[in-house]
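In: Give the three-dimensional model of this entry:
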Amino acid sequence: MPGKWVFPGGRIERGDYHAAASRPLADDVAAALAATARLKRQDGARLARALALTAVRETFEETGLALGAIKDARLVADLAGLRFVARAITPPARHKRFDARFLMGDAEALASLVPTDSRELGELAWLTLEDCRGLDLPTVTRAVLDVVDARLRGEDGAPPFWRWTRGRADSAL
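Out: Numbering: from 1, shown residues only. As a prediction, the model looks like this:
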C-alpha cells in the first residue's frame, strides 16, 4: 500500500511450519488462531504456530525487530508473549485480496528496540497510538489499532473477524 502506514506482514512460507521457537504460543492464543483454519482437513495447531512464526519472521525481515533471539545468525522466535488481536479478509473478487491475522507482542521481548530500514517499507518509526491516528492509514489498520488500544486498556474479548466489502467491514464470528 504505497504511501500508507501499515503493519509488517506477508505470506506463510514453508519454513514457517518448521522454524525454531524458544517458547510456544500461549494455549489460548494457539486455540484462537487454530480456530481460523479454513479447511477441516487443515491442522489448526500446526497452522497457529506457522502463523505466529510468520508474524515474527516478517516483522524481523521488514523492520529488523526480533521477537526472540538471534543465534548463529538465525532468528529463534519467542512466541509466548504474542496475542491474537484480529482477523480481516477481503472477498475473493476484490483486486487487492488479503486474509490477515494480526498479532501483538510486548516490546520488552524484542532483542533490540532499534528498527532497521528494509526494502519493503519506506519509513520505520516508533509512534504512540495517538500519533498513529493522524497518519494516512488503511481502514483495516485503523480498525486493528482500535482493538490494540482496547487490549492495552485491559479490555478483553474475542478477536474480531472482519470481512471487508466495498470499503466497510462486516463483522463475522
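In: If you count neighbours, what's buried in the lengthiest helix in the chain?
Out: In the chain, assigned by DSSP state H, the helix with the most residues is helix 44-63. Buried residues in helix 44-63, defined by neighbour count with 16 or more other C-beta atoms under 10 Å: 44, 47-63. (Each C-beta comes from the backbone N, C-alpha and C, glycine too.)
In: got the end-to-end distance for stretch 67-75?
Out: One end of stretch 67-75 sits 8 Å from the other (C-alpha to C-alpha, to the nearest Å).
In: same question, stretch 146-157
Out: When the termini of stretch 146-157 are compared using C-alpha to C-alpha, they are 13 Å apart.
In: re the thing from before, show me what the longest helix of the chain is packed against.
Out: Under the contact definition 3 or more C-beta pairs under 8 Å, 6 or more residues apart in numbering; DSSP states H and E, helix 44-63 sits against strand 21-23, helix 27-34, strand 74-78, strand 99-104.
In: so where's the chain uncertain?
Out: Filtered on pLDDT under 70, the chain yields the residue ranges 39-40, 92-96, 117-118, 165-173.
In: Pull the residues that contact stretch 69-85.
Out: In this structure, residues lying in contact with stretch 69-85 by C-beta atoms under 8 Å, 6 or more residues apart in numbering are 19-26, 29, 32-33, 49, 52-53, 55-57, 60, 66-68, 101-106, 109, 111, 144, 147-148, 151, 159.
In: Mind doing that once more with 6 Å?
Out: Here stretch 69-85 makes contact (C-beta atoms under 6 Å, 6 or more residues apart in numbering) with 20-25, 29, 32-33, 52-53, 56, 60, 66-68, 102-106, 109, 111, 147-148, 159.
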